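>>> Generate a structure from the sequence data that follows.
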Amino acid sequence: MTKEKLSRKNWFLITLFCFVGGIAWNTENMYFNTFLYNSVYGNASEAAMAGAMTPETAVARMVALSAVAAVLTSFIMGTLSDKLKNRRLFISVGYILWGAVTAMFGLITKENTANLFGLTDEAQILAWTVWIVILMDIVMTFMGSTSNDAAFQAWVTDVTTPKQRAGVETLLSVVGTVSALAITGVGSFAQAGKISYRVFFLGLGIAVSVCGLAGLFLLEDPPRTVKNTEPKSSYFADLFYGFRPSVIKNNPRLYLALSAFGLSVVGFQVFFPYLLVYLQYVVLPDNGGIENILRPSVILTAVLVVGAIVTAVLLLLKHASNHKALFLAPSAVLMTAGLLLLSTSTDIHIILIGVVPVVIGNAIINILLGAAIKDFIPAGKAGQFQGIRMIFAVLIPMVVGPYLGVLAAGSDTRTYLNELGAETPVPSKNMFLIAAVVCALALIPTIFLLKKGVDVPTEETDEVNA
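Predicted coordinates:
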């Protein structure tokens, strides 16, 4: 980590593993939800629906349990990777298994569930299939959190310096966005029924596994240059290092940055798990269907939106990377304003305009706070703090956010009829209003963080070892 210039090989590896990991995570976060709605619940009868949990409850439960699994995995495997000093193996083998589990989702059908367990009751078959999806999602999360959240994120911290991290976080954000767009493009074919979910999951799983196989030959762990002056501690003591009062007291900026980041992600998770379903069953019908949406005025607005987002993010980050204090609070305000606009209408033009401040504000917040968190982690303990980071980045947001989204759905009486005529609730635009309130709350820890100096190098203030 001592070199001031990051090698081209490491830039390439960061890009590769971020892109492929982003494909896997976005598949889970976006298309497991539509898989439940369209494939598992899509042709369920009224009787089957009455005997199983509602689809929005299934999504919320799946997201929450996945979040718990992600955090526990990051604690256990991140600390273990610190102890064993081998991020490479955790990343590579983890990606290989991550891809294998992703591919297995294509085999989950109500017919296979019925045959495997000898079930004949429609409600039981649906309920068991839903739980199989949820449990497999937990297994997939374990693989992804081991390889990506615990090991890869720690490896990025190991191979970068504070001066490089804002640029690296920018790359991670851009590549993450590209991977989300890529998977959205491919996944739209599965969502529309043009390709089967089996083919979709199989292809993605192979891509993730191939990336992990390449990592066995390309990844290298950097030499450990930070001397640990603390007495040797046990693995189980290290698991709880980040919870020690002395550590929290000596690293206040780290925990303020985590709190601000966590609240902003909670706001995002209020609507994100339901976004594609909202677009499919609310926005498209309210705007006259896909044919009406593809009219010239909408296409022009969409092009302008993409251009505005890309230009604004690139220009802002050029200055924001070295002046976090000037951009953090305004970015939170910008994201909040965009969410408020999205909560006012389902008109496609309003939605496209509202997306601009939301995406720009969210991108700046994620990049600047992501870099700050890496800067403020005590030296030599990147693995141990991945679990703490995941509490704020995943556990709290993915437990609290989706359930707030369910509350928003309950405020709207709209439903859609599935293939067999069963009424199914749809997400409501009120979820954006709730998300805006949560994002506004992120300003509280942000202001305290700014008072302590978010741009000041870690070495100058916070304790490295507690």
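
>>> use CA for all of it now, contacts and neighbours both
OK.

>>> Can you tell me how far the residue in the chain sticking out farthest from the centre is from residue 48?
The centre of the chain is farthest from one residue, residue 120, which by CA atoms, centre = their mean lies 37.1 Å away. According to CA to CA, to the nearest Å, residue 120 stands 11 Å off from residue 48.

>>> For the residue nearest to residue 404 when sequence neighbours are not counted, which residues are in contact?
Among residues not flanking residue 404 along the chain, residue 270 sits closest, at 5.8 Å (CA to CA, 6 or more residues apart in numbering). Taking CA atoms under 8 Å, 6 or more residues apart in numbering, we find residue 270 in contact with 400-405, 431-432, 434-435.

>>> got it, and residue 397?
262-263, 265-267, 269.

>>> Let's see that with 7 Å instead.
By CA atoms under 7 Å, 6 or more residues apart in numbering, the contact list for residue 397 reads 262, 265-266, 269.

>>> Could you export the residues you listed as CSV, including pLDDT?
Output for the contacts of residue 397, formatted as CSV (pLDDT from 0 to 100):
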residue, pLDDT
262, 94
265, 93
266, 94
269, 89
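
>>> got the buried residues for stretch 35-55?
By neighbour count on 16 or more other CA atoms under 10 Å, the buried set for stretch 35-55 is 35-46, 48-49, 52-53, 55.

>>> Among those residues, which lie within helices?
In helices, judged by DSSP state H, the following of the buried residues of stretch 35-55 are found: 46, 48-49, 55.

>>> Format those as JSON lines; extra columns: distance to residue 364 and pLDDT.
Below are those laid out as JSON lines (distance: CA to CA, whole Å; pLDDT from 0 to 100):
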{"residue": "46", "distance to residue 364": "45", "pLDDT": "79"}
{"residue": "48", "distance to residue 364": "45", "pLDDT": "85"}
{"residue": "49", "distance to residue 364": "42", "pLDDT": "83"}
{"residue": "55", "distance to residue 364": "33", "pLDDT": "84"}
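
>>> which sections of the stretch 1-150 of the chain are below the confidence cut-off?
Applying pLDDT under 70 to the stretch 1-150 of the chain flags the ranges 1-4.

>>> mind listing the helices for it?
Taking DSSP state H, counting those that start in this stretch, the helices of the stretch 1-150 of the chain run over residues 8-26, 32-34, 46-50, 55-84, 87-104, 110-117, 122-144.

>>> mind checking which of the ones you listed is nearest residue 253?
helix 55-84 (20.7 Å; CA to CA).

>>> Give the buried residues for that closest one.
55-56, 58-82.

>>> do the same with stretch 166-185
Here stretch 166-185 shows 166-177, 179-180, 182-184 as buried, counting by 16+ other CA under 10 Å.

>>> who touches stretch 115-135?
Against stretch 115-135 from outside (CA under 7 Å, 6+ apart): 47-49, 51-52, 62, 109-110, 113-114.

>>> switch to 8 Å and redo it
So stretch 115-135 is contacted by 36, 40-41, 44-45, 47-53, 58, 61-62, 65, 105, 108-110, 113-114 (CA under 8 Å, 6+ apart).
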